[in-house]
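Novice: Return a 3D structure for these sequence lines:
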Amino acid sequence: MTLLLYLVEAVGFLFQFLPCAIMCFVPFDDDKLKIRKRTLFLLLTLCVLAVSALFPFAAHAVPTLDVMIHIADSYMLLVVVVSVAAYGVLVREHIMKKLLVIYIIIFYAALIFWLTNLVGSIWDPLFPRFPDDTLSVYLPKHLAFYLLSYVTILPVFVIFLRRYVSSFLREIEPQRLKREFRYATISTVSFLILMMTAHTLFDIYPYNFLLNSLLLFLVLNQAILYWMIVTSAVNRSREETAHRALEAQKLQYDRISADMERTARLRHDMRHHWNYLYSLAEEGDLTKMRSYLSALAEQTGHLQNEVFCENPTVNALLQYYAERARSDGVTCTVAAQCGELDVRPEDLTVMVGNVMENALTSYMKAPEPRKMEVAVGQFHGSFTLEVTNSCPGVRVSRGFTPDAEGFLPAGAFQSTRNGGGHGMASVADLAKVYSGSATFKFDPERMVFVSRIILNRA
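Specialist: Predicted coordinates:
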């Protein structure tokens, strides 16, 4: 094996494999990776350089072309399997999202394969050749086209992954991807089978034109399928988000209506109290008046006069839910520091109301003593709400990795309500509108559930 042949084989493997390996990590944010992106890309490049340097020795271990091709394919398959395993470990994301990125990278590799085959068939005389008796996996024309693809096709895919796929992965929860993921898997497997079958049957002269036509049809068909799958997932997600938001707002409206009815009944009852007190005053029975006023004050409570913070919406919600918790015999503590917010009152009502409702539902199932702690803060334009409440336990779906503090997204928790619940998902969707997040965790040692909302545009 000459030095020139060695370099062509090593550089060909490097050019073919390195872009695919790096693009797998492009759509994910740094907080989803176990290693920072720059460090990860450097380590990845060094590893691919190492396996590329060994590739020529493995491919040319035998003198026959057929066996060499099989060894080269096996070597590449082994590298791909190891790389996919490393990719699965290094990315903290649901397996469906990770596989969808793999499917897109497979499409990119197939597109490059087809274009390389097409260019080689049409412009083969323009490229330098090895002697006819030289066995090689890659040719100089392959290297030339890979370099050309780096300045034409590769930037388009990187932009697509960074802008659109990354946004899609952040927006879509895994439980909403089941149908689309099933379609994408069937489509990708069928695509690979048809590609390999066409290449095996027609990769001989004079069938090159037919092969390129079949590969073009398969590539275009796969691109259309992926576009339909992604569009369907995004549209369905937005419809479900709008539906949940409407449900949440209707729930809050029903509660407010019920409170208004209760207030009207209290007003009606107060007329009877005033009449009775007036009769006691007419009789001059101060002892009975004091006793009656004391019982009335204990019955109605004084929570409506308690001021937790300066923001009227947040303060009203905290008053309402603190009163409900204390009336249930739950120890409720509130620490709030919140002024004017650039958040719509109806959005605050949905987010805070759903979190507090979940807390009330949860602590009622927990053994005594029950507690609820609410912390509200506003720092440098960001709003934070953290609710800690007693909880007997939760059901968590598989495939989710907690962050450094143990928090998980809303989609990780399975609803215990009949027909499923949408409160946590509505909170998470609204938090994203304000460039924020809604995360949750269960602490089995303390038997508490913690809900945290952070709004960065508040």
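Novice: list the buried ones in stretch 44-62?
Specialist: 44, 47-48, 51-52, 55-56, 58-60 (16 or more other C-beta atoms under 10 Å). C-beta coordinates here come from the backbone N, C-alpha and C atoms, glycine included.
Novice: In helices, which of those residues fall?
Specialist: Counting by DSSP state H, the buried residues of stretch 44-62 place 44, 47-48, 51-52, 55-56, 58-59 in helices.
Novice: which of the residues you listed lies closest to residue 98?
Specialist: residue 44 (15.8 Å; C-beta to C-beta).
Novice: residues touching the closest one, list them.
Specialist: 18, 21-22, 25 (C-beta atoms under 8 Å, 6 or more residues apart in numbering).
Novice: Number of residues surrounding residue 323?
Specialist: Close neighbours of residue 323, defined as other C-beta atoms under 10 Å, add up to 16.
Novice: For it, give its distance to residue 48.
Specialist: Residue 323 is 62 Å from residue 48, where distance means C-beta to C-beta, to the nearest Å.
Novice: Would you work out how far apart the start and end of stretch 21-41 are?
Specialist: Length of stretch 21-41, first residue to last, C-alpha to C-alpha, to the nearest Å: 9 Å.
Novice: My error: substitute stretch 363-375 in the last question.
Specialist: 17 Å.
Novice: tell me which residues in it are buried?
Specialist: Those buried within stretch 363-375 under the rule 16+ other C-beta under 10 Å are 363, 366, 370-374.
Novice: Stretch 70-79 now?
Specialist: For stretch 70-79, by 16+ other C-beta under 10 Å, it's 71-72, 75-76, 79.
Novice: So what touches that stretch?
Specialist: If you take C-beta under 8 Å, 6+ apart as the criterion, stretch 70-79 is touched by 13, 17, 51, 55, 58-59, 61-62, 137.
Novice: Could you rerun that using 7 Å?
Specialist: 17, 51, 55, 58-59, 61-62, 137 (C-beta atoms under 7 Å, 6 or more residues apart in numbering).
Novice: repeat for stretch 6-26
Specialist: Under C-beta under 7 Å, 6+ apart, the answer for stretch 6-26 is 33, 37, 40-41, 44-45, 48-49, 52-53, 55-56, 59, 79, 83, 87, 101-102, 105, 108-109, 136-138, 140, 142-143, 146, 154, 157-158, 161-162.
Novice: mind running it again at 6 Å?
Specialist: Under the contact criterion C-beta atoms under 6 Å, 6 or more residues apart in numbering, stretch 6-26 has outside partners 41, 44, 48, 52-53, 55-56, 83, 87, 101, 105, 109, 137-138, 142-143, 146, 154, 161-162.
Novice: Make sure residue 385 is indeed in a strand.
Specialist: Yes - under DSSP: H, G, I helix; E, B strand; the rest coil, residue 385 falls within a strand.
Novice: out of the buried residues of stretch 44-62, who's nearest residue 179?
Specialist: Once C-beta to C-beta is applied, the member of these that ends up nearest residue 179 is residue 44, at 32.7 Å.
Novice: and the nearest residue to residue 45 once chain neighbours are set aside, what element?
Specialist: Distances taken as C-beta to C-beta, 6 or more residues apart in numbering put residue 18 closest to residue 45, at 6.6 Å, once the chain neighbours are dropped. When elements are assigned from DSSP states H and E, residue 18 belongs to helix 3-23.
Novice: Repeat that for residue 319.
Specialist: Assigned by DSSP H and E, residue 319 belongs to helix 312-327.
Novice: Quick one: mean pLDDT for that helix?
Specialist: Averaged over helix 312-327, pLDDT sits at 85.
Novice: elements contacting it?
Specialist: Contact here means 3 or more C-beta pairs under 6 Å, 6 or more residues apart in numbering; DSSP states H and E; on that basis helix 312-327 packs against strand 331-336, helix 345-363.
Novice: and the first one, how far out from the chain's middle?
Specialist: On the basis of C-alpha atoms, centre = their mean, to the nearest Å, the separation between the geometric centre of strand 331-336 and that of its chain is 32 Å.
Novice: what about the residue at minimal distance from the centre of the chain, distance to residue 32?
Specialist: Of all residues in the chain, the one closest to the mean position by C-alpha atoms, centre = their mean is residue 170, 4.3 Å from it. Counting by C-beta to C-beta, the separation of residue 170 from residue 32 is 9 Å.
Novice: what's the spacing between the residue nearest to the centre of the chain and residue 434?
Specialist: 14 Å.
Novice: now the helices for the stretch 151-300 of the chain?
Specialist: Ranges of helices in the stretch 151-300 of the chain, per DSSP state H, counting those that start in this stretch, are 166-171, 178-202, 208-283, 286-300.
Novice: Run the angle between the helix holding residue 319 and helix 345-363 for me.
Specialist: For helix 312-327 against helix 345-363, the angle by axes from the mean of the first three to the mean of the last three C-alpha atoms, to 10 degrees is 20 degrees.
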